[in-house]
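Trainee: predicted model, plus sequence, below.
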Amino acid sequence: MSATDDQADVERVLSGDIAAFESLVRRWQGPLVNLAYRFCRDRARAEDMAQEAFLRAYRALGLWRRDATFSTWLFALATNLYRSELARIPPRTVSLEDAPALRDSRTIDGGLEERDRDHVVRQAVLSLPPKYRDAMTLFYFHDMDVAAAARSLGLPEGTIKARLSRGREILRAKLPRRIGTVQPKEA
């Protein structure tokens, strides 16, 4: 995957070779579905959301200004779409206070296995207010750096850093009751 391949495919689509868009879809379908899944935690819904993102990208392809890579533009478009979709029909979540504490009977001390701990942390992030959830989803689960997350959300880097910090504070207050001490990576 390279930015030049993306740009060449976009140029082909814009010059009338509609089939060239298939290459872009094949290249970015997995990452867009994964990003959508991190927002909604429902595979079927994530696939539908990614399909809608590609449809909107196709319709707006001529608006790509090329001041950023195609993938950055595509992820920003998709992130905004996913946020709008979740605002329209939010995922079903359970408050951390209402969720039972998880215990793993397989371990001697009753603590959680790594996989279970990861699941609880992901659910906790999804229960955050959207402005913190979106920043944390891109940074932690989609491995974007602060600059890329800021571009995707259309926000200044300082705002992303502040939202990551506040999101971690909220999680630190809630998670120790569920899984013990959790140390999220710092921005």
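Mentor: It's in.
Trainee: dump the residue contacts of Ala53.
Mentor: By CB atoms under 8 Å, 6 or more residues apart in numbering, the contact list for Ala53 reads Leu32, Ala36, Leu74, Leu77, Ala78, Leu81, Tyr82. C-betas here are computed from N, CA, C, even on glycine.
Trainee: how much space between the third one and Ala68?
Mentor: Which is Leu74. With distances defined as CB to CB, to the nearest Å, the gap from Leu74 to Ala68 amounts to 10 Å.
Trainee: which outside residues touch stretch 61-80?
Mentor: For stretch 61-80, contacts defined as CB under 8 Å, 6+ apart pick out 1, 3, 6-7, 10, 13-14, 21, 24, 28, 31-32, 35-36, 49-50, 53, 56-57, 60, 134, 138, 144, 148, 151-154.
Trainee: so after the helix or strand that contains Arg59, what's the next helix or strand?
Mentor: Arg59 is part of helix 43-60 when elements are defined by DSSP states H and E. Moving toward the C-terminus from helix 43-60, the next helix or strand (DSSP H and E) is helix 70-88.
Trainee: domain assignment for this protein?
Mentor: Here the domain parsing of the chain from automatic domain parsing is 3-88, 114-179.
Trainee: show me where this structure has its helices.
Mentor: Under the criterion DSSP state H, the chain contains helices at 3-14, 21-40, 43-60, 70-88, 114-126, 130-136, 146-153, 157-174, 176-179.
Trainee: what's the mean pLDDT across the fourth one?
Mentor: In this model, helix 70-88 has a mean pLDDT of 90.
Trainee: from the chain's centroid, how far away is it?
Mentor: Shown here is helix 70-88, whose average C-alpha point lies 9 Å from the average C-alpha point of the whole chain (CA atoms, centre = their mean, to the nearest Å).
Trainee: just the buried subset of the contacts of stretch 61-80, please.
Mentor: Applying 16 or more other CB atoms under 10 Å to those, the neighbour count classes 6, 10, 13, 21, 24, 28, 31-32, 35-36, 49-50, 53, 57, 134, 138, 144, 148, 151-153 as buried.
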